[in-house]
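*Asks:* can you look at this prediction? I've put the sequence above it.
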Amino acid sequence: MVVILGAGLAGLSAAHHLDDRDVVVVERESEVGGLCRSLRHDGFTFDYTGHLLHLRDPSIRDWVLELLPDGYRHLDRSAWIHSCGTLTPYPFQANTAGLPLEVRLDCLLGFVEAMTRSDGGERPIPPAEALVDGLPFLAVSPPPADGEPSFLDWILRTFGEGFARHFFVPYNEKLWRRPLSEVTGDWVSWSIPRPELADVLRGAITRSDKVFGYNPQFLYPREGGIDHLPRSVARGLDEGVVRTGCEAVELDAGRRTVTLADGETLSGEHVLASLPLTALARMTTDLPDALRRAAGELDHVSIRAVNLGVRGAPVHDTAQWVYFPEPSFPYHRIGLPTALTPSMAPEGHHSLVAEIAFRPDDDPGADASLEQTVDGLVRSGFLRDTGDVVVSRVVDIPLAYVVFDRRRREVLPDLMRWYVDQGVVPMGRYGTWDYLAMEDSLRHGREAARWIAGAAG
Ligand SMILES: Cc1cc2nc3c(=O)[nH]c(=O)nc-3n(C[C@H](O)[C@H](O)[C@H](O)COP(=O)(O)OP(=O)(O)OC[C@H]3O[C@@H](n4cnc5c(N)ncnc54)[C@H](O)[C@@H]3O)c2cc1C
């Protein structure tokens with residue numbers, strides 16, 4: 001038997017791809033989906049903040065489309081940045097035309113200076129290296145060498161001081177809740193578009209229609225709620241494969257025995273673990289102490305989603321999400337779910353979701369977050385009147401973003417190799433302690449299933 005911990009996308013995908021084997025998926029919550037669940041309240045649908053499907057792998061794309069035939073809207077991105085009291089299109093670095101002249105000049109001068117600065121023997125950021133044969137998703141960059149650029153260094157070298165000051169540093173400090181010199185440079189530089197000088201210059205003079213970045217088009221379920229995706233995977237599984245409301249509390253990795261909260265034990269030839277690696281380490285009875293201590297040093301950031309159901313049409317015609325770099329707003333991003341599909345709100349209404357990042361020791365509290373959010377939305381013009389709010393739901397995602405720091409790269413290789421040596425494969429966004437999209441979690445499940453098929457000969 002294969003025991004799968006967690007019925008998020010990684011766990012469900014693994015079960016789907018292991019369909020000719022004896023499989024059980026153990027899920028703590030009362031429904032499948034993990035982070036891809038949706039809340040429904042008085043006709044409004046709220047995801048755990050915006051969940052948009054960017055599918056780059058053609059085989060995953062075909063599978064996802066097959067799961068919900070004609071069930072997706074194919075959307076073009078409409079993303080914006082709110083800065084200096086105005087809205088400018090994403091990405092900031094190619095669209096400063098609407099900003100004050102001093103800001104534009106600052107950004108342009110900094111960009112040109114960064115381009116012309118000599119590299120002087122600076123070290124490159126090493127790419128992630130695979131840790132285990134046959135499991136390509138278990139990969140991490142080697143521990144940082146002296147002189148390796150931090151995320152802050154990377155921003156300054158790539159975009160210069162002006163862009164750093166007016167967007168990248170304040171935005172990312174709001175998200176990461178720490179100085180960016182503590183974040184390592186291997187953090188997602190792939191997802192941040194770097195335009196050519198000509199694009200930066202053109203964007204400072206006039207509006208351009210040129211498209212940048214990894215996500216200009218995406219899919220979203222037509223009926224509203226990203227939970228349609230995990231539910232469609234679960235529907236294809238045999239009855240009884242997924243056991244919801246069933247929490248794993250202990251793992252004997254060497255024996256691959258999982259103990260559930262009600263005392264039942266399950267044993268498998270393999271265990272696939274998509275729950276957070278930190279939680280897995282805490283519940284593993286035979287994990288060596290040094291690895292347990294090391295796992296305790298992995299750091300993360302929480303997200304509070306302030307969801308509002310609002311009377312009337314949205315203020316902006318197209319915006320799907322908007323970044324807020326300025327510290328005077330408590331959130332770093334807001335989403336406008338009815339721009340994805342009108343079915344996210346009842347007739348004559350729309351919804352807004354603000355994302356506030358916090359660390360356990362700087363939690364502003366749910367009531368303060370709600371009050372500050374409503375105030376910020378009125379100040380920025382996204383909410384016409386506080387009296388238009390008909391529903392508010394504040395939802396916390398305690399583990400939302402894993403922190404890319406030195407310890408992450410020191411701790412992960414030994415920890416993950418130890419688990420795989422026991423026949424336990426960490427997978428998914430939090431199992432591998434990575435920054436991953438839904439597509440990656442689906443891919444992890446598939447690759448873990450293939451690895452098991454290979455291991456079984
Ligand atoms: C704020 C935010 C916005 C995002 N936006 C996007 C986006 O726009 N596009 C995109 O592609 N991706 C997005 N993502 C990423 C996406 O949500 C994840 O990649 C994906 O949902 C992770 O799936 P998973 O199966 O790896 O993990 P999870 O969804 O975390 O699944 C793990 C499962 O394990 C269960 N579990 C935990 N502990 C136990 C236990 N002890 N016993 C049994 N079960 C347990 C959990 O309940 C959960 O169901 C976003 C993530 C965040 C945080």
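*Replies:* Structure's in. What do you need? A quick note: this is a predicted structure, and the numbers were derived from the prediction, not measured. Residues are numbered from 1 along each chain as shown.
*Asks:* and the helix or strand of the chain with the lowest mean pLDDT, what does it pack onto?
*Replies:* Ranked by mean pLDDT, DSSP states H and E, the helix or strand of the chain with the weakest confidence is helix 197-205, at a mean of 89. Contact partners of helix 197-205 among helices and strands, from 3 or more Cβ pairs under 8 Å, 6 or more residues apart in numbering; DSSP states H and E: helix 101-116. Any C-beta I mention is one placed from the backbone N, CA and C, and that applies to glycine too.
*Asks:* buried residues in the helix it packs on?
*Replies:* 103, 104, 106, 107, 108, 110, 111, 114 (16 or more other Cβ atoms under 10 Å).
*Asks:* likewise for stretch 222-233?
*Replies:* Within stretch 222-233, the residues that qualify as buried by neighbour count (16+ other Cβ under 10 Å) are 224, 225, 226, 227, 228, 229, 230, 231, 232, 233.
*Asks:* looking at these, which is nearest residue 17?
*Replies:* Of all the buried residues of stretch 222-233, residue 17 sits closest to residue 233, with 10.3 Å by Cβ to Cβ.
*Asks:* quick one: that closest one is in a strand?
*Replies:* No. Secondary structure assignment places residue 233 outside any strand; it is helix (DSSP: H, G, I helix; E, B strand; the rest coil).
*Asks:* and it, what is it in contact with?
*Replies:* 9, 12, 13, 16, 32, 67 (Cβ atoms under 8 Å, 6 or more residues apart in numbering).
*Asks:* which non-adjacent residue is nearest the third one?
*Replies:* Spelled out, that is residue 13. Leaving aside its sequence neighbours, residue 13 sits nearest to residue 445 (Cβ to Cβ, 6 or more residues apart in numbering; 2.7 Å).
*Asks:* now do whatever helix or strand that neighbour lives in: which elements does it pack against?
*Replies:* Assigned by DSSP states H and E, residue 445 falls within helix 438-455. When contacts are defined as 3+ Cβ pairs under 8 Å, 6+ apart, helix 438-455 sits against helix 9-17, helix 58-67, strand 270-273, strand 424-426, helix 428-431.
*Asks:* run the last query once more with 6 Å
*Replies:* With contacts taken as 3 or more Cβ pairs under 6 Å, 6 or more residues apart in numbering; DSSP states H and E, helix 438-455 sits against helix 9-17, helix 428-431.
*Asks:* what does it contact?
*Replies:* The contact list for helix 438-455 (Cβ atoms under 6 Å, 6 or more residues apart in numbering) reads 9-10, 13-14, 17-18, 55, 60, 134-135, 137, 270, 272, 425, 427-429.
*Asks:* and the chain, what are its domains?
*Replies:* 2-36+227-298+404-455, 38-77+215-225+300-402, 100-200 (automatic domain parsing).
*Asks:* does the last one reach the ligand?
*Replies:* The reference is to domain 100-200. No. Judged by Cβ under 6 Å from any ligand atom, domain 100-200 stays clear of the ligand, getting no closer than 9.9 Å.
*Asks:* cool, the first one as well?
*Replies:* Yes. Taking Cβ under 6 Å from any ligand atom as the criterion, domain 2-36+227-298+404-455 and the ligand are in contact, through 5-11, 26-29, 34-36, 247-248, 274-275, 279, 428-430, 436-439, 441.
*Asks:* about what we covered before: then the least confident helix or strand of the chain to PDB, C-alphas only?
*Replies:* In PDB, the C-alpha atoms belonging to helix 197-205 read as follows (Å, rounded to 0.1, in the frame of the first residue of the first chain):
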ATOM      1  CA  LEU A 197      16.700  49.200 -21.400                       C
ATOM      2  CA  ALA A 198      14.500  50.200 -24.400                       C
ATOM      3  CA  ASP A 199      11.400  48.800 -22.700                       C
ATOM      4  CA  VAL A 200      12.300  50.700 -19.400                       C
ATOM      5  CA  LEU A 201      12.800  53.900 -21.400                       C
ATOM      6  CA  ARG A 202       9.600  53.500 -23.500                       C
ATOM      7  CA  GLY A 203       7.700  52.600 -20.300                       C
ATOM      8  CA  ALA A 204       8.800  55.800 -18.600                       C
ATOM      9  CA  ILE A 205       7.500  58.000 -21.500                       C
END
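*Asks:* check which residues of it are buried.
*Replies:* Buried residues in helix 197-205 (16+ other Cβ under 10 Å): 199, 200, 201, 202, 203, 204.
*Asks:* and stretch 135-148, end to end?
*Replies:* End-to-end distance for stretch 135-148: 27 Å, by Cα to Cα, to the nearest Å.
*Asks:* low-scoring stretches of the stretch 1-150 of the chain, by residue?
*Replies:* 118-123 (pLDDT under 70).
*Asks:* determine the longest strand present in this protein.
*Replies:* strand 389-402 (DSSP state E).
*Asks:* centre of the chain versus the least confident helix or strand of the chain, how much separation?
*Replies:* Taking Cα atoms, centre = their mean, to the nearest Å, the mean C-alpha location of helix 197-205 is offset from the chain mean by 30 Å.
*Asks:* same thing with stretch 228-239?
*Replies:* 22 Å.
*Asks:* repeat that for stretch 29-43.
*Replies:* Its chain's average C-alpha position is 17 Å from that of stretch 29-43, according to Cα atoms, centre = their mean.
*Asks:* for it, give me every contacting residue.
*Replies:* Contacts of stretch 29-43 (Cβ under 6 Å, 6+ apart): 7-9, 45-48, 51, 225-227, 229-230, 234, 244-245, 346, 391, 393.
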